[in-house]
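# The following block contains a protein sequence and its predicted model.
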Amino acid sequence: MSLEYELQKYPKDIKLSDNPFGSSYFVISNRVREALTLLAGNSNVEFLPVSILNHKGRLASKDYFIMNPLDIVDCIDQEKSGVVWNAINPNMISSCEKFVLKEDAIPENIGVFRPKFMLTSILIRREIAAKLSAPEMTGVFFVEPSKYTG
């Protein structure tokens with residue numbers, strides 16, 4: 001099916017969620033940004049402004065951000081996770097059988113961070129994730145490390 005057909009089929013599907021899915025970046029609404037700023041403790045996170053265009057190419061919102069956590073924590077239990085190292089970059093994990101964290105390696109004052117060796121992933125403490133998963137937040141979901149497959 002063509003995009004044009006889909007647009008004709010659902011011409012009024014224009015509502016934006018708080019976490020639009022489908023990007024290689026973690027895009028969030030200002031509402032999520034404000035909540036994270038309050039909940040994330042001393043986490044070092046930058047929020048880069050993004051404009052969202054609707055299906056007609058018109059500005060739908062300027063109220064979105066790319067969330068970029070700058071804190072990197074060496075918290076993956078490599079042995080228990082069964083990691084497979086990247087053949088091109090030996091400092092990156094390509095995949096793992098399961099995702100096991102060394103909880104004691106994560107500083108208590110950091111709520112949002114990237115795990116060392118898996119820098120494309122973002123980890124958020126459970127208590128923060130629970131608050132961000134409130135019914136008024138749309139499109140926000142999290143995967144427990146024990147349920148991670150990749």
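Now that the structure is in, tell me what you want to look at. Numbering: from 1, shown residues only.
# Tell me how far the residue nearest the centre of the chain lies from V73.
Closest residue to the average C-alpha location of the chain: F26 at 4.5 Å, with CA atoms, centre = their mean. Distance check for F26 against V73: by CB to CB, to the nearest Å, it reads 17 Å. The C-beta positions use only the backbone N, C-alpha and C, and glycine is treated the same way.
# What ranges does the protein have for its strands?
27-29, 45-53, 59-69, 72-73, 83-85, 93-96, 112-115, 123-124 (DSSP state E).
# from these, which stretch is densest packed?
Among these, strand 27-29 has the highest mean neighbour count (mean count of other CB atoms under 10 Å), at a mean of 23.
# Summarise which helices and strands that one is packed against.
Judged by 3 or more CB pairs under 8 Å, 6 or more residues apart in numbering; DSSP states H and E, strand 27-29 is in contact with strand 59-69.
# gap between the strand it packs on and the chain center?
On the basis of CA atoms, centre = their mean, to the nearest Å, strand 59-69 sits 13 Å off its chain's mean C-alpha point.
# avg pLDDT for that strand?
Averaging pLDDT along strand 59-69 gives 90.
# okay, the angle between it and strand 45-53?
Taking axes from the mean of the first three to the mean of the last three CA atoms, to 10 degrees, one finds strand 59-69 and strand 45-53 inclined to each other by 160 degrees.
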